[in-house]
Structure formats: C-alpha cells, structure tokens
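Trainee: Quick one: sequence and predicted model below, then my questions.
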Number of protein chains: 2
Amino acid sequence: MYRSPIKHCKNCGTAVLYRVPDDGDTKERAVCPACGTIHYENPLNVVGTVPHLGDRVLLCKRNIEPRWGKWTLPAGFMELNETTAQGAARETDEEAGAQFEMEDLFSVLNVERVGQVHLFYRARLLSDQFNPGHETIEARLFTEAEIPWEEIAFKTVKATLERYFDDRRKGSYGIHVLDIS
Amino acid sequence: MYRSPIKHCKNCGTAVLYRVPDDGDTKERAVCPACGTIHYENPLNVVGTVPHLGDRVLLCKRNIEPRWGKWTLPAGFMELNETTAQGAARETDEEAGAQFEMEDLFSVLNVERVGQVHLFYRARLLSDQFNPGHETIEARLFTEAEIPWEEIAFKTVKATLERYFDDRRKGSYGIHVLDIS
C-alpha cells in the first residue's frame, strides 16, 4: 500500500515539519509548528480468513488494484470498532458473500516492507454458494492440487495457504507466525 | 489512547468533510473537498514481551501517563520498519534495559474500545540486572505470588500474566487470542 506523506497538520492545516519531538521520542515525526500536534504513522493490520469446505479452500479473483485478476483469500484492512476476528468475518462476507462459521486464528504475518501485519483465521464454510461483492470477479473453491499457485495475489496468502494444507494433512492446526520479505 | 480528530487534509491543509467516499466504501471517512484525499483511521498494534527468569516475571513501574505509577509489562506502539517481534524487543530494551532472548508469540488481545491490538511475546531474561529508560520508574522481578495484581496498569497485561503463569504450571505455552472489554 502506498501511503501519501503527511504535509499538513490534521488539526489546524499548517504545513508540518519533520523532526524528533521534544517528549523523549527518538524518531522523526510530522510535527505542527503552529499547534504542536505530533502525527504518528504506524503499521496497519490486514485481517482475513481461510474459508474451507471439505478438502477445498475458497479463493476470490480480485476486481480491484493492486493485483487485479489475481486470486486471494478474502482479507482487507481492519477497521476501528471491530476485533481482528470481526474484521476477518466482515471481509469474508463483503468479498465472497459466503456463509461460514469463524474458527481459530491461523497465521500472523509481518510484512515490514509495507508496514502491515496480516492475520488470517480459519473459517468453516456452511455452503458452497457465494455472492461476491464488487471487489471480487469470481469466488471459487479449490483443492490443493487445483490452487493457481502462480496466480496468487500476495505472498502472505500463498504462505497461509501452504501452511493450511500442511496442517490439514497433519490433522492439527497451529498458529503460524512468519515474516514475509 | 485518545486520538485527536482529523480536521484538515494531510495533503493540502483544507478543512475535511466526513462522508462515505464514492469508491464503493461503506464507512464515513475524512475526505478533502479540494484535493480528494481520503483519510483512513485504523487500529494500532501495541507490542511487548513477558520477560521471565526462572519463576519470576519482569514488570516496569510506569513513569508516564496513562497509569503513572502502575506496573506493566514492557510494551508500546509498533512502529513502521519493524516486525511485531522487533518492536516487542525494542520496547523491552527501551523500557527495562533488559538482556534477553526473544521467544514465541504468546498473546493476541483485541481492545476494540480503544482501537488497539496487543501482541506479547515470551522473552527469556539473560540477567537480573536492568537499566530502565525514562518511561520507567523501576524494573523489578516478581513471582506469581508477589505480582501487585491490583496495581497492574492495563487489562491486557493482567490477562497475559494470568495466562503466562497458568501455562508455566502446565509446562506448555500456547498462543492466547482474547478480546478485552
């Protein structure tokens, strides 16, 4: 995700200066020379699910950039006023229009390069009928052998799918904590 | 954490309007009527550790608000250009000046009320000597019986400590995913 730089103060609109604040901080922040507001920029969480039905997993073909036309697990930015699990469920509803039951946290993936942490939950599908929203061209179930591995939109999705099918073979699901380059 | 509202555009300084953007979004955002910039506000991650040495855990007495004078595990806001584990290690160094070895992720706690997700890692202390920074009045080791349970700064810290000592008794550490009201 591209983050546009902070040029003006969110409180009063004055042009900000980048400097280390005087409060003991050690990092440069966008500081307002007029009202003193300090603007922090921090990593964002992306939350999603691994929706599964028998030996198949649900993937969504993206109708939005980035990675238009590539396949992904349903996921998106966590919003205020929701938990990680609620956000993951919301995205699964919005992007796939799936009927499902939320299960446990499955993967926590640091994507330091873009300032994101991705968290995926397992979700048991209750139906093989989907009603995807405008962000999705098509929602479809894939067995491990059918997964279009070369057409997966994000490394975090590929890593999560690989661990999911590994754990499924073992018959026991863990929580996988990974750093993605 | 109190978040000051977005009143002006970060790109051009114009006063923003709160409305649902025209891009298919369903939530109100601060939108700039001049340059069109959409401002998103999302939950923040707080990352920290459970530093342990034998049957004792390291707590820090806070020298900053909120909860000045209360005891906490070393933790703070995750920054850009670090992973969750790197941020947890940085905070442990900054707040306690401890020597330690990072271990596995231990707890993931949703604090929906304040738009935060707290992630704690276990960390094995290599020394009982600490050199706390300006945010800490005192860093001290406590057995479970000695923990000042009524003087713990945050619910996420209390919940994490309780699970830590439970798991220690069992001799096996899990990853605990909890919602904190």
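Mentor: Looks like it came in fine. In this text, all values refer to a predicted model and were calculated from it rather than measured experimentally.
Trainee: Could you name the residue of chain A that is farthest from its center?
Mentor: Within chain A, A:Ala34 marks the point farthest from the mean C-alpha position, 36.4 Å out by CA atoms, centre = their mean.
Trainee: So what's the residue count around the nearest residue in space to it that is not next to it in sequence?
Mentor: For A:Ala34, ignoring the flanking residues on the chain, the nearest one in space by CB to CB, 6 or more residues apart in numbering or on different chains is A:Thr14 at 4.0 Å. From N, CA and C alone the C-beta is placed, and that goes for glycine too. For A:Thr14, the count of nearby residues is 15 (other CB atoms under 10 Å in any protein chain shown).
Trainee: and the residue lying closest to A:Phe130 once chain neighbours are set aside, how many residues sit next to it?
Mentor: Nearest non-adjacent residue to A:Phe130, counting by CB to CB, 6+ apart: A:Ala139, 4.0 Å away. Neighbours of A:Ala139 under the rule other CB under 10 Å: 22.
Trainee: thinking A:Ala139 is in contact with A:Val57, fair?
Mentor: No - A:Ala139 is beyond contact range of A:Val57, at 11.2 Å (criterion: CB atoms under 8 Å).
Trainee: ok so A:Ala98 is a strand residue?
Mentor: No - counting by DSSP: H, G, I helix; E, B strand; the rest coil, one finds A:Ala98 to be coil, located in no strand.
Trainee: so it touches A:Leu59, yeah?
Mentor: No - A:Ala98 is beyond contact range of A:Leu59, at 11.3 Å (criterion: CB under 8 Å).
Trainee: Comparing those two, which residue is more hemmed in?
Mentor: Higher neighbour count among A:Ala98 and A:Leu59: A:Leu59, with 28 against 24, using other CB under 10 Å.
Trainee: which residue sits closest to the more buried one, ignoring its sequence neighbours?
Mentor: The spatial neighbour of A:Leu59 that comes closest, neighbours along the chain excluded (CB to CB, 6+ apart), is A:Trp71 at 4.4 Å.
Trainee: ok, that neighbour touching A:Asn63?
Mentor: No - judged on CB under 8 Å, A:Trp71 makes no contact with A:Asn63 at a distance of 11.7 Å.
Trainee: higher neighbour count, these two?
Mentor: Taking other CB under 10 Å, A:Trp71 and A:Asn63 do not tie; A:Trp71 has more neighbours (25 against 16).
Trainee: what about chain A, any weak spots by pLDDT?
Mentor: Applying pLDDT under 70 to chain A flags the ranges A:1-2.
Trainee: Residue nearest the middle of chain A, spatially speaking?
Mentor: For chain A, by CA atoms, centre = their mean, the most central residue is A:Val46; offset 2.5 Å.
Trainee: hang on, the earlier thing: which secondary structure state is assigned to the residue nearest to A:Phe130?
Mentor: strand.
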